[in-house]
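**Q** The following block contains a protein sequence and its predicted model.
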Amino acid sequence: MVTTAPAPRRDRAELALLAGSLAALGGGAVLHGLDRADLGDALWAAAAAVGVVAALWWVVDAARHRQLGADVVAVLALVGALAVGEPLAGAVITVMLASGRTLEARAGDRAERELRALLAHAPTVVHRHEGDGVVDRSVDEVGVGDLLLVRAGEVVPVDGRLERGVAVLDESALTGEPLPVEREPGDSVRSGAVNAGAPFDLRATTRATDSTYAGIVRLVEQAQASSAPFVRTADRFAGAFLAASIGLAGLAWLASGDPVRAVAVLVVATPCPLILAAPVAVVSGMARAARRGVVVKGGDALERLAQGRVLLFDKTGTLTRGRPTVADVVVSGDLDADEVLRLAASLDQVSPHVLAASVVRAARRAGLALTLPDDVEEVPGHGVRGRVGDRAVAVGKAGWLLPGAAPRWARSVRRRAELDGALTTFVEVDGAVVAAIVLDDPIRPDAGRTIRALRRDGVDRIVMVTGDRADVAETVGSVIGVDLVLAERTPAEKVDAVRTEERTARTIMVGDGVNDAPALAVAHVGVAIGARGSTASSEAADVVLTVDRLDRLGEAVQIARRTQRIARQSVVAGIGLSVAAMGVAALGYLPPAWGALAQEVIDVAVILNALRVLRPPAGRLRVRPEDEGLVERFTDEHRTLRPDLDRLRQAADRLGIDPAPDALAAVRSVHRFLVDELLPHEEAEDAQLYPVFDRVLGGTDPTGTMSRAHTEIAHHVRRLGRLLDETDPLDPDPEDLVELRRVLYGLHAILVLHFAQEDEGYLSLVDEPRSPPA
């Protein structure tokens, strides 16, 4: 491809033209104010002359690339302005021409930067066993069969086979799976994974250039080559406008015999609406998006975002939180859940395992006081043990702590976790396994609302494409309502999925990991969740969400489509007014000087219209700033109460299995929680929170159905209390136990659904949460 100059040089030239023409325009106005009109006109004329030279150069450059742009019209307008003695009009045309070109140049060199972070994250140094020691070598020196040491926290440098040790790997950058995986000696390990456990030895099976990570880099490079070039909206109309301008000017000259009429037509025909209307709207749209935490990399990306009709989502970190979270603590003994979590978190404070941080985070969020453990021993691939105070504590896999036949409660927890796509870790205290901690990757509370909003805004098809397991992916997909789930996909298969969908409609790919980078680059427009995602995905994407909120994607699409609509309105209105003025000038009723003034009025009008993009769109629902503290308070209460909801199901599970006095004591404890903590929360929501959302949502009783849910919850809590009062604690009737189970299971289902509805429909309307998400 032939280029006229390197991008930085072009940027400097166009910036210099813009700065110089602005200075000339202002300087001429000052000279006129000082009664030196002759010097002012000379300065304006000089600016117009420079504009002629620049526009001619752009016309020649476009012709070399077989393009015809609005710059041809600009040349004619500038020459005409000088010919009829209208230097002010020429100077203004030069300023507007330079500003449009500068905007284009700023977006032109994006592709050169998109691989920088991806390449920076690739391993460059390896630790190779040589003789009796380990020597640092360049990754390029690794050969097939070399024995390498991969230390804790390092990226696996090449594909290989695990030689010694048990590897705990974070493969989320490759597969999107948020939970760590374990590899035994002899298992294959792919480059790009992060060692989340103890050091291990790896036998290289490929060179660095043939490894998985290098393949991802190549995919991004190839995909970048297929990205659409930046094309100014003005150029699409320039040919027709050029022909109309010259034709009308020629007819006016021939009909009247007066060349001044032709010049007047050309002055009025200045293509400033074409040159500026769309760019101003685009810049305004990008500014509006930036205020909402969305960085759009150029006007072309914004335009392509507006065209998207098929949306492809990664799962982990995009539709879900992207990190393991403690979902439940199931106890089987005298210790309560809080004490078990405190002991496990105290021990996990010194563990390097990736799940340990999740346990510690959950304990701190619950306000539990942690203590530093003693005599800690990490058993790679199994768990950790030590002493917390006067207790011996161990946290790890079931196969390690329960080497024989697992008890019934443990089998039940593991089976339920497998069905939910969750992970379990068991806790042993003083030699007895007393609890299981269940961890999962929760769906973002704003995911479902974002999906529905995108469908309303014109997205016809939504596909989830993920490297995660099919059962987990299908569960998430059914909850949020996607049209198709593609699971267990490699980065290359994600690219294939995008290309398949691209055959039928324009695609938007949304992701956050290194494994998403190739698909983000090959899509019509790529969107990266950049607040917590990888730098590689952010660099490969056209749009980056800098806040960890998926609903900003819906806002970005809405802003893009509104920007495109207003840009078209501005162009059509501006050209329509220009054509009308050209007709008046052709009839001799608009002299060149007044024509230049009329054109300025048209320019101002279309620019003001384009600036409407900066205003928030009508109908955007947001809580008022003065109410955000109240909403945040109830969000915190949800975060505190949600873990206790599982106590209802656990108490129901114990009825008919555990001794009646113990099982009924657990039910009474749950009833006290419901009466003392949950019902006051629900009543406060009705009295304080729902009126806030009534104002936000408008209409007639918009929160009425949710208030009805509060009534139903209170009714079932009363029924539970009556059943407990009528049940013999020592010799309960089997029918009473059955009814207690029904009430508890029903309450659990209602509460889980109700909390999710409030999180998704109401509490996520606050712009920025002031505390970290649960």
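**A** Noted; the coordinates are in hand.

**Q** Next, the buried residues of the helix or strand in which residue 12 is found.
**A** Residue 12 is located in helix 7-33, with elements delineated by DSSP states H and E. Residues 10-11, 13-14, 17-18, 20-22, 24-25, 27-28, 31-32 are the ones in helix 7-33 that count as buried (16 or more other CB atoms under 10 Å). The way it works is simple: take the backbone N, C-alpha and C, and place the C-beta from them, glycine included.

**Q** can I get the CA coordinates of the helix or strand that contains residue 436 in PDB?
**A** Using DSSP H and E, residue 436 sits within strand 432-440. Listed next in PDB are the C-alpha coordinates belonging to strand 432-440 (Å, rounded to 0.1, in the frame of the first residue of the first chain):
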ATOM      1  CA  ALA A 432     -12.700 -34.100  61.800                       C
ATOM      2  CA  VAL A 433     -14.000 -32.800  58.500                       C
ATOM      3  CA  VAL A 434     -16.700 -30.300  59.600                       C
ATOM      4  CA  ALA A 435     -17.700 -28.300  56.600                       C
ATOM      5  CA  ALA A 436     -17.500 -27.700  52.800                       C
ATOM      6  CA  ILE A 437     -16.900 -24.300  51.200                       C
ATOM      7  CA  VAL A 438     -18.700 -23.900  47.900                       C
ATOM      8  CA  LEU A 439     -17.200 -21.400  45.400                       C
ATOM      9  CA  ASP A 440     -18.600 -20.300  42.100                       C
END
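
**Q** Show me what the mean pLDDT comes to for the helix or strand following that strand.
**A** Remark: after strand 432-440, the chain's next helix or strand is helix 447-456, criterion DSSP H and E. For helix 447-456, the mean pLDDT works out to 85.

**Q** got the residue ranges for the helices in the stretch 551-700 of the chain?
**A** Listed in chain order, the helices of the stretch 551-700 of the chain (DSSP state H, counting those that start in this stretch) span 551-586, 592-610, 628-654, 660-673, 679-684, 690-697.

**Q** Now render those as TSV, adding distance to residue 394, mean pLDDT and mean neighbour count.
**A** Putting those into TSV (distance: least, CB to CB, whole Å; pLDDT from 0 to 100; neighbours: other CB atoms under 10 Å) gives the following:
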stretch	distance to residue 394	mean pLDDT	mean neighbour count
helix 551-586	42	86	21
helix 592-610	66	74	20
helix 628-654	22	83	18
helix 660-673	25	89	17
helix 679-684	36	92	15
helix 690-697	47	81	17
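
**Q** could these go into CSV alongside distance to residue 208?
**A** Below are the helices of the stretch 551-700 of the chain laid out as CSV (distance: least, CB to CB, whole Å):
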stretch, distance to residue 208
helix 551-586, 35
helix 592-610, 50
helix 628-654, 45
helix 660-673, 56
helix 679-684, 56
helix 690-697, 54
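
**Q** Could you point out which of those sits nearest residue 38?
**A** Among the helices of the stretch 551-700 of the chain, the nearest to residue 38 by CB to CB is helix 592-610 (16.7 Å).

**Q** for residue 277, what are its contacts?
**A** Applying CB atoms under 8 Å, 6 or more residues apart in numbering to residue 277 gives the contacts 567, 570, 571, 574, 606, 607, 609, 610.

**Q** can we see that at 7 Å?
**A** 567, 570, 571, 574, 606, 607, 610 (CB atoms under 7 Å, 6 or more residues apart in numbering).

**Q** do residue 143 as well
**A** Residues in contact with residue 143 (CB under 7 Å, 6+ apart) are 204, 207.

**Q** and it, which of the three is it?
**A** Here residue 143 is recorded as coil under DSSP: H, G, I helix; E, B strand; the rest coil.

**Q** where does it fall, phi/psi-wise?
**A** phi -120, psi 160 (degrees, to the nearest 10).

**Q** Would you quantify the distance from it to residue 154?
**A** Distance, residue 143 to residue 154, by CB to CB, to the nearest Å: 19 Å.

**Q** In a helix, residue 168, correct?
**A** No - judged by three-state DSSP, residue 168 forms no part of a helix; its state is strand.

**Q** And the residue lying closest to it once chain neighbours are set aside, what's its pLDDT?
**A** Leaving aside its sequence neighbours, residue 168 sits nearest to residue 197 (CB to CB, 6 or more residues apart in numbering; 2.9 Å). pLDDT, residue 197: 83.

**Q** Show me the residue at the heart of this protein, geometrically.
**A** Nearest to the geometric centre of the chain sits residue 529, at 2.8 Å (CA atoms, centre = their mean).

**Q** that older thread, after the helix holding residue 12, next one along is what?
**A** helix 37-64.

**Q** List the buried residues in that next one.
**A** Per 16+ other CB under 10 Å, helix 37-64 contains these buried residues: 40-41, 43-52, 54-56, 58-59, 61-62.

**Q** Surely residue 508 is within a strand?
**A** Yes - under three-state DSSP, residue 508 sits within a strand.

**Q** hang on, residue 83 packs against residue 262?
**A** No - contact between residue 83 and residue 262 fails when scored by CB atoms under 7 Å: they sit 9.6 Å apart.

**Q** Quick check on those two: which one has the bigger neighbour count.
**A** Neighbours per residue, other CB atoms under 10 Å: of residue 83 and residue 262, the larger number sits with residue 262, 23 against 16.

**Q** Report the secondary structure element holding the more buried one.
**A** helix 259-268.

**Q** Spit out the contact partners of residue 44.
**A** Contacts here follow CB under 7 Å, 6+ apart; on that basis residue 44 touches 24, 28, 87, 88, 90, 91.

**Q** is it true that residue 425 lies in a helix?
**A** No - according to three-state DSSP, residue 425 belongs to no helix; its state is strand.

**Q** From residue 744, how far out is the residue nearest to it when sequence neighbours are not counted?
**A** Excluding the flanking residues, the one nearest residue 425 by CB to CB, 6+ apart is residue 437, at 5.1 Å. Counting by CB to CB, the separation of residue 437 from residue 744 is 22 Å.

**Q** And residue 165, by the same measure?
**A** Computed as CB to CB, the residue 165 to residue 744 distance reads 46 Å.

**Q** got it, and residue 252?
**A** 87 Å.

**Q** if we can go back for a sec, can the contacts of residue 44 go into CSV with extra columns for distance to residue 644?
**A** Below are the contacts of residue 44 laid out as CSV (distance: CB to CB, whole Å):
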residue, distance to residue 644
24, 71
28, 74
87, 78
88, 74
90, 75
91, 72
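
**Q** I'd like those residues written out as JSON lines, with distance to residue 487 and pLDDT added.
**A** Output for those, formatted as JSON lines (distance: CB to CB, whole Å; pLDDT from 0 to 100):
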{"residue": "24", "distance to residue 487": "62", "pLDDT": "89"}
{"residue": "28", "distance to residue 487": "66", "pLDDT": "89"}
{"residue": "87", "distance to residue 487": "67", "pLDDT": "84"}
{"residue": "88", "distance to residue 487": "65", "pLDDT": "80"}
{"residue": "90", "distance to residue 487": "62", "pLDDT": "78"}
{"residue": "91", "distance to residue 487": "61", "pLDDT": "83"}
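
**Q** which one of these sits closest to residue 209?
**A** Distances from residue 209 to the contacts of residue 44, taken by CB to CB, are shortest for residue 24, at 54.6 Å.

**Q** show me what contacts the closest one?
**A** By CB under 7 Å, 6+ apart, residue 24 lies in contact with 43, 44, 46, 47, 91.
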